[in-house]
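Asks: Here is a sequence together with a model predicted from it:
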Amino acid sequence: MKISAYQRPVNLLEISNRGKAPTQQSPVSNKGSFKDVLSTELNGSRGVTFSKHASQRLHSRGIELSDEKLLQISQGIDKAETKGSRETLILTDDAALVVSVKSRTVITAFDRENLKEGVVTSIDSAVII
C-alpha cells in the first residue's frame, strides 16, 4: 500500500503501536489461523451491557447469568445482528431478555413465569439459546 505522505512502505503494526512499548513477538504468532485470532478478538471485545432497569429486573427476579450464559447471549446478539435485527428477544432456559442489538444492551429482563403472563412488543426478532 502506498501512502502519499510516506516515501517508504508503511508497517501498519508500527503505526497502530505508536506510543506503546515495542513487543518482542507478533501478536498473532502461534495462536492459530487468522480466522481464529479474529474471532477471538471480536468475541472478547463485543460484550453485553445491562441497562439500569434490566439490572434491577434481574436482581428483583433472582435471575443469575453465568459467564457461559453471557457468552451465549453475546453469540445470540451476533446472530441477530447478522440478520439485520434492531431489537431482539433472547430466550434462555430461565429468562427472556429484550436486547438492543446495535448497542448490545439488555433493556429489560423477565423470568419465564412473568413472560407467560405478558406480551413482548417492539422487537423484530427472537433468538432461542
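Replies: Noted; the coordinates are in hand.
Asks: so where is this protein shaky, pLDDT-wise?
Replies: 1-32, 35-45 (pLDDT under 70).
Asks: ok, then the element right after the helix ranked longest in it?
Replies: Across the chain, the longest stretch assigned as helix under DSSP state H is helix 67-82. Once helix 67-82 ends, the next helix or strand along the chain (criterion: DSSP states H and E) is strand 87-91.
Asks: packing partners for that following strand?
Replies: Packing partners of strand 87-91 (3 or more CB pairs under 8 Å, 6 or more residues apart in numbering; DSSP states H and E): helix 67-82, strand 95-100, strand 125-128. The way it works is simple: take the backbone N, C-alpha and C, and place the C-beta from them, glycine included.
Asks: The same query, at a cut-off of 10 Å, please.
Replies: Applying 3 or more CB pairs under 10 Å, 6 or more residues apart in numbering; DSSP states H and E, we find strand 87-91 packed against helix 67-82, strand 95-100, strand 105-111, helix 112-117, strand 125-128.
Asks: That one versus helix 67-82: what angle between them?
Replies: 140 degrees (axes from the mean of the first three to the mean of the last three CA atoms, to 10 degrees).
Asks: Give the pairing partners of strand 87-91; include direction for each.
Replies: strand 95-100 (antiparallel), strand 125-128 (parallel) (DSSP bridges).
Asks: Assess the claim that residue 113 and residue 63 are in contact.
Replies: No. With contact defined as CB atoms under 10 Å, residue 113 does not reach residue 63; the gap is 11.0 Å.
Asks: So for these two, which residues contact both of them?
Replies: residue 94 (CB atoms under 10 Å, 6 or more residues apart in numbering).
Asks: Who has more neighbours out of those two?
Replies: Using other CB atoms under 10 Å as the criterion, residue 113 and residue 63 rank with residue 63 on top: 19 against 9.
Asks: Chain neighbours aside, what residue packs nearest to that one?
Replies: residue 95 (4.8 Å; CB to CB, 6 or more residues apart in numbering).
Asks: Just list the residues touching residue 125, thanks.
Replies: Here residue 125 is in contact with 76, 79-81, 83-90, 99, 101 (CB under 10 Å, 6+ apart).
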